[in-house]
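Chemist: quick one: sequence and predicted model below, then my questions.
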Number of protein chains: 2
Amino acid sequence: MEEEEEAKMNNQQEKSQKKNAILVDGVILNGPVADSKSGEKFVEEVNKIIMEEVVKKASDATEKVCEWQSPEQLRTLLDLELKDTGESHPKLLQLCQDVIQFSVKTYHPRFFNQLYAGIDYYSLAARFITEALNPSVYTYEISPVFLLVEEAVLKKMIEYIGWEGGDGIFNPGGSVSNMYAMNLARYKYFPDIKEKGLSGIPQLVLFTSEECHYSVKKAASFLGIGTQNVYFVKSDDRGKMIPEELEKQVQHARNEGSAPFFVSATAGTTVLGAFDPLNEIADICEKHNLWLHVDASWGGSALLSRRHRKLLHGIHRATSVAWNPHKMLMAGIQCCALLVKDSSGLLKRCYSANASYLFQQDKFYDISYDTGDKSIQCSRRADAFKFWMTWKALGTTGLEKRVNRALALVRYLVDEIKKREGFQLLLEPEYANICFWYIPPSLRKMEKGHEFWEKLSCVFAR
Amino acid sequence: MEEEEEAKMNNQQEKSQKKNAILVDGVILNGPVADSKSGEKFVEEVNKIIMEEVVKKASDATEKVCEWQSPEQLRTLLDLELKDTGESHPKLLQLCQDVIQFSVKTYHPRFFNQLYAGIDYYSLAARFITEALNPSVYTYEISPVFLLVEEAVLKKMIEYIGWEGGDGIFNPGGSVSNMYAMNLARYKYFPDIKEKGLSGIPQLVLFTSEECHYSVKKAASFLGIGTQNVYFVKSDDRGKMIPEELEKQVQHARNEGSAPFFVSATAGTTVLGAFDPLNEIADICEKHNLWLHVDASWGGSALLSRRHRKLLHGIHRATSVAWNPHKMLMAGIQCCALLVKDSSGLLKRCYSANASYLFQQDKFYDISYDTGDKSIQCSRRADAFKFWMTWKALGTTGLEKRVNRALALVRYLVDEIKKREGFQLLLEPEYANICFWYIPPSLRKMEKGHEFWEKLSCVFAR
């Protein structure tokens, strides 16, 4: 009965709406845009699926990490095609289930990857809030809370680097942060570059170790410097940049008439997890007036551990630092800060375009909060917020425990590898990267000559 | 009673865990990392807040768009500081409430902004799924579903541009897409640039209209080309690039010995919403062998409307297109595609670094799905997925209705402005930007000379 009456009322409402309808180009302008009740219900249903299939399974190691399907198979299992007409809610909910089923469970306790370390409930909740509010962090009037939050997080990160002040911005990835730093450095030495470009400027040359992340090369290429002007400095057996080799390369570049301007040291290399000797590198940078950038995208998290922050000894001497809390600190992809020691406004001078439609100079609040103009992006996500929420929830001591636990697990695994037949450790790890060989029974008695290594290197590939 | 027993059991479990504990560096390795039950409950509580305070209020025009506070006030109202110890769940839930309360409600029916047009329940649900799964879209093995979804969406967008094939990638913003295109263009004409950089290459010059988005300048600066090598072509009264002026500028650049390589036409300018005449511009680009990029970040959505796609007449002749479904199509920030006509692998050749730790060549599936190497980013978000979900839910016809509705609303508002005293339309809009003056009573009788315009321009500022 009730339903019938409701239907009647809806019908009457519809009729009266039609009577007063404002019709332009065949569109009823004052009708409802979307059925909000049914939309809300859909979101609620999806939330239930997420809780059951993702969040509550995140602590269950007996579930599969991934239900693997080849691209060809997966294409037949999923209804990927976009059509003229829409699908029903039950069909869409099934699609959501399918997407989850065939996706990798990156929060899974058995998923081992450079970016993941399980689920963080607080950052997840913050990410849900961000998606619901859908902010764009460019001006204070659009993103008041998120801009203040970003400021608070940057301030704290700067404190842990050991600078007295500084500046910074959250970027979509460590690769982008490395680019920002490289561009900022050349702008500092050659401010005309912003208007005039590279022509007329001596050949810029930058330095990084052989073990650096590939984004340094990508950045050099993107910024017009060219990958052959990235000079790769030899690393030692542990993957650390050799300072004497850096000095030689700088001299060499000077002798050939190039303009060395930038050193990208790495704190936590991608493969070996090595930390470059920052203090010694800083000495060389000071001597030769070079910008010292530290790519601590991976290793920066150790700064929060009193036990392990010595890995980054000397980082306070860096001119800029890239640090990604979305890795060991589990803030969720993406959460990447570029931090800059300069507090004279270099970042803004370098990047600002003063677009008059967005960054008006005559607003009714302090426009120094309109930090979007420090970015190469226009719309920008509120990536600092998820990390802020986790930090709020756990405190610094909780984050510290996260780092200590990761590195204690490393110690444990290394001991196990040493004890177990058929496993050979490549080197004692400094950080959370453990490099080892699995030696199959057929090779265990073989002499470790050319043939042995050739055969061993095929074990994983086949 | 039950609770007591549970507590007892937990106690016993704890004791037995302590007995079998693996202790390394003071960390119990085999203890639970986080209290998953309490974490799950927290996420559920936040979800409830989001449903009540954000999603269900999205259709309520009587709510406030924003509870405005100055930066100084807001700082005292929010507990922003990050401390050594964490906060309790009730405190954190209150913080979530506060964040929502003082944030701008971007989904609000009365919030008018270039990026927003209300709430989209389907993309929102997809964004929740993405955050929960926390993928990184670089290789198929990590993001099988999201890579196939991106492929499906790109294919469909390419179809609507009118190309027979092509390539593409989702980027963090239209600004970044414009940069990609500019770099891709110079790589096509000077492939050595990737290794050698800009030195030895003639002075690159690019063209865009006076009304272009500021990201074109930012891109030229970031890529080492320099803003003074962006030649701004005159626009007509409606804000459209004048093709004859473009041709003149290209000739001029040639005559001075520079190397014109790139034209960035705009489909939907930021302020006036103007569409450059793509066909005429394409003629000039063909004649002079220039890359034609169309920044359709804002205007691209009109491609989905049979009634309005004529605004982009000629877009199929573009070499690349930037198109952001996060604007009029409401996909959520960020959702931005760069689309490229080339299907010979130019995008990959230009951007790939072939990092051996991630993009191994000897995987057990077709590695052409590892599209992450087409990107300047390393970890990358699954931005295509939210748009895919909306497209699935509404079908192309539903997206078309969205565009038609927006432009019908424009027609209505323009008529209202014309009828109402004290309002003056600046020009007949082509798209969803309506530029008008509000003329206060004190100025309505004044002659429209110098003094009038000076006074009028202060109305908004004061």
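Modeler: Okay, I see it.

Chemist: so what secondary structure elements neighbour the helix ranked longest in chain A?
Modeler: Secondary structure of chain A per DSSP state H: the longest helix is helix A:383-419. With contacts taken as 3 or more Cβ pairs under 8 Å, 6 or more residues apart in numbering or on different chains; DSSP states H and E, helix A:383-419 sits against helix A:121-133, helix A:144-161, strand A:423-425, strand B:23-24, strand B:27-28, helix B:89-102. In this view, the C-beta of every residue, glycine as well, is placed from N, C-alpha and C.

Chemist: can you list phi and psi of the residue nearest to A:Leu246 when sequence neighbours are not counted for me?
Modeler: Of all residues beyond its chain neighbours, the one nearest A:Leu246 is A:Val233 (4.7 Å), with distances taken as Cβ to Cβ, 6 or more residues apart in numbering or on different chains. In terms of degrees, to the nearest 10, the main-chain angles of A:Val233 are phi -90, psi 140.

Chemist: how close does A:Val233 sit to A:Pro260?
Modeler: 12 Å (Cβ to Cβ, to the nearest Å).

Chemist: which neighbours do the two share?
Modeler: By Cβ atoms under 8 Å, 6 or more residues apart in numbering or on different chains, A:Val233 and A:Pro260 have these common neighbours: A:Phe207.

Chemist: check the gap between the residue lying closest to A:Val27 once chain neighbours are set aside and B:Ser305 for me.
Modeler: Sequence neighbours aside, B:Ala408 is the residue nearest to A:Val27 in space, at 3.9 Å (criterion: Cβ to Cβ, 6+ apart). Distance, B:Ala408 to B:Ser305, by Cβ to Cβ: 11 Å.

Chemist: follow-up on the earlier one: of the helices and strands packed on helix A:383-419, which approaches B:Tyr369 most closely?
Modeler: For B:Tyr369, the closest of these is helix A:121-133, at 26.3 Å, according to Cβ to Cβ.

Chemist: got the angle for that closest one vs helix B:121-133?
Modeler: Orientation of helix A:121-133 against helix B:121-133 (axes from the mean of the first three to the mean of the last three Cα atoms, to 10 degrees) gives an angle of 160 degrees.

Chemist: now check helix A:121-133, is it near chain B?
Modeler: Yes: using Cβ under 8 Å from any Cβ of the partner chain, we find that helix A:121-133 touches chain B at A:121-122, A:124-129, A:131-133.

Chemist: what's the average pLDDT for that helix?
Modeler: Throughout helix A:121-133, pLDDT has a mean value of 98.

Chemist: and that helix, how far out from the chain's middle?
Modeler: In this view, helix A:121-133 has its centroid 16 Å away from the chain centroid, taken as Cα atoms, centre = their mean, to the nearest Å.

Chemist: got the CA positions of that helix in PDB?
Modeler: In PDB, the C-alpha atoms belonging to helix A:121-133 read as follows (Å, rounded to 0.1, in the frame of the first residue of the first chain):
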ATOM      1  CA  TYR A 121      43.200   1.900   8.000                       C
ATOM      2  CA  TYR A 122      43.800   5.600   8.700                       C
ATOM      3  CA  SER A 123      45.200   6.700   5.400                       C
ATOM      4  CA  LEU A 124      42.500   4.600   3.700                       C
ATOM      5  CA  ALA A 125      39.800   6.400   5.600                       C
ATOM      6  CA  ALA A 126      41.400   9.700   4.700                       C
ATOM      7  CA  ARG A 127      41.500   8.700   1.000                       C
ATOM      8  CA  PHE A 128      37.800   7.900   1.100                       C
ATOM      9  CA  ILE A 129      37.200  11.400   2.500                       C
ATOM     10  CA  THR A 130      39.400  13.000  -0.200                       C
ATOM     11  CA  GLU A 131      37.500  11.200  -3.000                       C
ATOM     12  CA  ALA A 132      34.200  12.200  -1.600                       C
ATOM     13  CA  LEU A 133      35.100  15.900  -1.200                       C
END
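
Chemist: tell me what it is packed against?
Modeler: Packing contacts for helix A:121-133, counted by 3+ Cβ pairs under 8 Å, 6+ apart, involve helix A:383-419, helix B:36-49, helix B:89-102, helix B:121-133.
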